[in-house]
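Student: Predicted coordinates and the sequence they were generated for:
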Amino acid sequence: MRFLLRLLGAMWIATLAVTIGFAWLELQEERRELVADLERRAALAADAVREPAERLVGRGARTGYERLLARFARADRAIAIYDDLGGLLAASADVRADLGVISPLVSEALRGTAARTMRVVLGRATWVHVVPLVWEDRSVGAAAVLLDARHLETREWSLWRRTAVRLGVLGLLLTGITFLVVRWSVTQPIARMAAWTRQIKTGKEVAPPPTADASLFGPLAQEVDSLARSLARARIAAEHEARLRLAGESVWTEERLKQFVRVRFDDRPIFVVSNREPVSHMREGRAVRSVRPASGLVTALEPVMLACGGVWVAHGSGGADRDVGARIGLPEGDPQYTLRRVWLDAAEESGYYYGFANEGLWPLCHIVHERPQFRAEDWGHYCAVNEKFARTLLEEMESTPAPILLVQDYHFALLPQMVKRARPDARVALFWHIPWPNFEAFRICPWQHEILLGMLGADLVGFQTQFHCNNFLETVERTIEGRVDWDRFAVVRGDHTAHVLPLPISVAPEFDAPGNGPDRTRLLADLGAEVEFLGIGVDRVDYTKGLPERFRAIRRFFERWPEYRRRVVFVQLASPSRSRIPRYQALLHETEETVRQVNEALAERGWKPVVYHQRHHEHAEIQPWYLHADFCMVTSLHDGMNLVAKEFVVTQQQGDGVLILSRFAGAANDLRDALLVNPYDIDDVAGAVHRAVTMERDERRRRMRRMVSQVQEHSVYRWAAMLLAELDRMPLGVSLARE
Ligand code: G6P
């Protein structure tokens, strides 16, 4: 209320000052015009009176004045005639009694100059104009014209009255409008925000109210929003902890990981390096949009960074990244860690990322019978980019004693050695997210020695499965000098030991996208079919994912069990990937073509077996599909882990969906209750789809419940904790001899 009064007071004072100021100016102007009019009329009258008056006074006439007065005087105009001594010879009767006030003007006229001014005569405003009377070149007297000027005052008063009315109306309007605007734009939004924060305090999950005016309340709403989110996160973590304590389980949560890092590492920041950044910025018209890339690595690492904080160094690959900045806090609006972007030019990106990493190492490590391409030029860029990232990391870690560095994936095989040489006090782990092939497959790589030596610079090398660890140690044993300690699973070279460990990566125990998506009926209605069963696939379009094979298996399912036509629909969310590489372009075409063929062969009016959405999908868009699917197909030909399988499971916490999972995905080791298939065997996969749609509800429930427990107990928080605990155990101060 006080704010409103202050605002209104200020507005009233301003209005008053402006209105009165303008009224005064208007008055002056009008007065000037009226006086000029009086002056003109008085001068004309004086001119008219002068001649006959000069004749009478000059000749010394005793009579004739009455006629003169009768001729020129009117109700609003009085006349007075004086002799050369200022004596009154004649005057209109109505002013005669108060002519003393004009004597000074008469004297001035007798001295030869006409005089005019405003005077009060008989209590009335009067314009007086006195002219000299000259007869035969001699001043013989004066003639005065007195004009009634009372209308000047009348006009003045009416102007002030008008001004007062104007002021009143304006004041009322201003008060009303201000009151409404303040109510709509200030009082109500603040009241809504207050109600929202009150609800949050009581623990309810409520969406923030719409911000009435972003320019006024945007920053405040953002702050409150981020505060509320932190609160909600803390509450969920606390509730989770409490539940676990009650259940006596030892599950890793975000909060527990935070505490662990605090205690073990004294809250030191954690450094992560990966090629893919957790958020890319893209330009959309004039606006800049944040995009979360389709990458299992990002899915896994982001919750860890949110829990531990620190610096994540990655390639700034988004079109608008440079406009947003090289060093930004994430998540935007509620920063928990820092993203440090490294810029690569087109040649570097093409040689290091598209070339050596994705046309060389990727097919080398995935056994999908895709021939790796090794080009010396690409290798040169790969080495140079590893150096570039190492320099950035060293710069970031400069002021941190004994920093912890988690190097991610096959893009940075050389980086552990580079960093460790410059910072022997750093604890470096390299986690290889993709499979490690057997020695026979690996030894075709022309730079196998350099790659292994680079990797062994780490204190800890992690793989997704024991099998990949075995392959790696065997490769090391048969490729380079050094002692492989099979008992401790380590490689000892000089005074440096690199430990090799299986650490199956995972996801956060809760799918973090807000759950306000469409329900099952809505999802199915949007597909335009009255189907009973919904199948879902979520993949990057990559030849390791076995997409064409999957669609062929779906076709086989409908051919073998035609009674399921129109009753089952399979939705594939396919995110185009690495599409500058010709093999990936060919795959995009092959995948679309396979979907087209399957649909052409089987589609009936109002139903088609496969709905194919080929574009980037945000997390929040994927969640409803996971949630309402009856089965999810993860049929990779080869995969390090595959986190789509685990995301599906955590989303189905209350559900009974069936997971059809490739035996050749690392996830198959962890999710034994999935229907495990050989993705190359079309009949096997078709049979699994049939099993998924015919399985009893109880069995589906039991299987899913076991898989949910598995993922929750082996979440990415546990993965990070194990990795960090292992690193913590490593002896410090080892130095690497130059190779
Ligand atoms: C795999 C790799 C990740 C990579 C992801 C997406 O999961 O292990 O390192 O980020 O694929 O591929 P992209 O080339 O788009 O980053």
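Tutor: Noted; the coordinates are in hand.

Student: If I look at Val569, what pLDDT would I see?
Tutor: On the pLDDT scale, Val569 is placed at 96.

Student: Report the strands that pair with the host helix or strand of it, each with its relative direction.
Tutor: In this structure, Val569 sits in strand 568-575 according to DSSP states H and E. Taking DSSP bridges as the criterion, strand 568-575 forms sheet pairs with strand 533-540 (parallel), strand 610-614 (parallel).

Student: quick one: Val492 is in a helix?
Tutor: No: secondary structure assignment (DSSP: H, G, I helix; E, B strand; the rest coil) places Val492 in strand, not in a helix.

Student: In contact with it, which residues are there?
Tutor: By CB atoms under 8 Å, 6 or more residues apart in numbering, Val492 lies in contact with Gly482, Arg483, Asp485. No exception for glycine: its C-beta is placed from N, CA and C like everyone else's.

Student: Quickly list what it is bridged to.
Tutor: Residues in beta-bridge contact with Val492 (DSSP bridges): Arg483, Thr497.

Student: What average pLDDT does stretch 131-140 get?
Tutor: Rounded mean pLDDT across stretch 131-140 is 91.

Student: Can you give the contact residues for that stretch?
Tutor: Identification of contacts with stretch 131-140 by CB under 8 Å, 6+ apart yields 46-47, 49-50, 53-55, 57-59, 81, 83-84, 109-114, 141-143.

Student: which residues does Val120 contact?
Tutor: For Val120, the contact set (CB under 8 Å, 6+ apart) comprises Val101, Thr126.

Student: The ligand contacts on the stretch 501-650 of the chain?
Tutor: Residues of the stretch 501-650 of the chain found near the ligand (CB under 6 Å from any ligand atom) are Arg540, Ser577, Arg578.

Student: Reduced to three states, what does the residue positioned nearest the centre of the chain come out as?
Tutor: Residue closest to the mean C-alpha point of the chain, counted by CA atoms, centre = their mean, is Glu332 at 6.9 Å. Using three-state DSSP, the structure places Glu332 in coil.

Student: Tell me if I'm right that it and Ser290 touch.
Tutor: Yes: between Glu332 and Ser290 a contact is recorded at 6.4 Å, counting by CB atoms under 8 Å.

Student: List the buried residues of stretch 82-95.
Tutor: For stretch 82-95, the neighbour count (16 or more other CB atoms under 10 Å) marks Tyr82, Asp84, Leu89, Ala90, Ala91, Ser92, Val95 as buried.

Student: can you redo the strands paired with strand 568-575 as JSON lines with distance to Val261 and mean neighbour count?
Tutor: Below are these laid out as JSON lines (distance: least, CB to CB, whole Å; neighbours: other CB atoms under 10 Å):
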{"stretch": "strand 533-540", "distance to Val261": "31", "mean neighbour count": "24"}
{"stretch": "strand 610-614", "distance to Val261": "39", "mean neighbour count": "18"}
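
Student: Dump these to a markdown table, plus mean pLDDT.
Tutor: Output for the strands paired with strand 568-575, formatted as a markdown table (pLDDT from 0 to 100):
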| stretch | mean pLDDT |
| --- | --- |
| strand 533-540 | 98 |
| strand 610-614 | 97 |
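
Student: Export these to JSON lines and append columns for distance to Leu587.
Tutor: Output for the strands paired with strand 568-575, formatted as JSON lines (distance: least, CB to CB, whole Å):
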{"stretch": "strand 533-540", "distance to Leu587": "10"}
{"stretch": "strand 610-614", "distance to Leu587": "11"}
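
Student: Of the ones you listed, which is nearest Asp673?
Tutor: strand 533-540 (17.8 Å; CB to CB).

Student: pLDDT below threshold where in this protein?
Tutor: For the chain, the stretches with pLDDT under 70 are 1, 200-208, 210-219, 221-222, 225-226, 228-230, 232-250, 512-516, 529, 732-739.

Student: Could you identify the longest helix within it?
Tutor: Using DSSP state H, we find that the single longest helix of the chain is helix 2-58.

Student: Would you map out the domains in the protein?
Tutor: 2-154, 207-250, 263-343+389-502, 520-714 (automatic domain parsing).

Student: Export those domains as CSV, with columns for distance to Gly168.
Tutor: Formatted as CSV, these follow (distance: least, CB to CB, whole Å):
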stretch, distance to Gly168
domain 2-154, 10
domain 207-250, 31
domain 263-343+389-502, 47
domain 520-714, 56
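
Student: Just tell me which of those domains ends up closest to Val165.
Tutor: domain 2-154 (10.6 Å).

Student: The closest one: end-to-end distance?
Tutor: 41 Å (CA to CA, to the nearest Å).

Student: what residues does the chain put near the ligand?
Tutor: Taking CB under 6 Å from any ligand atom as the criterion, the contact residues of the chain with the ligand come out as Arg276, Ser295, Gly296, Leu297, Asp409, His433, Ile434, Arg540, Ser577, Arg578.
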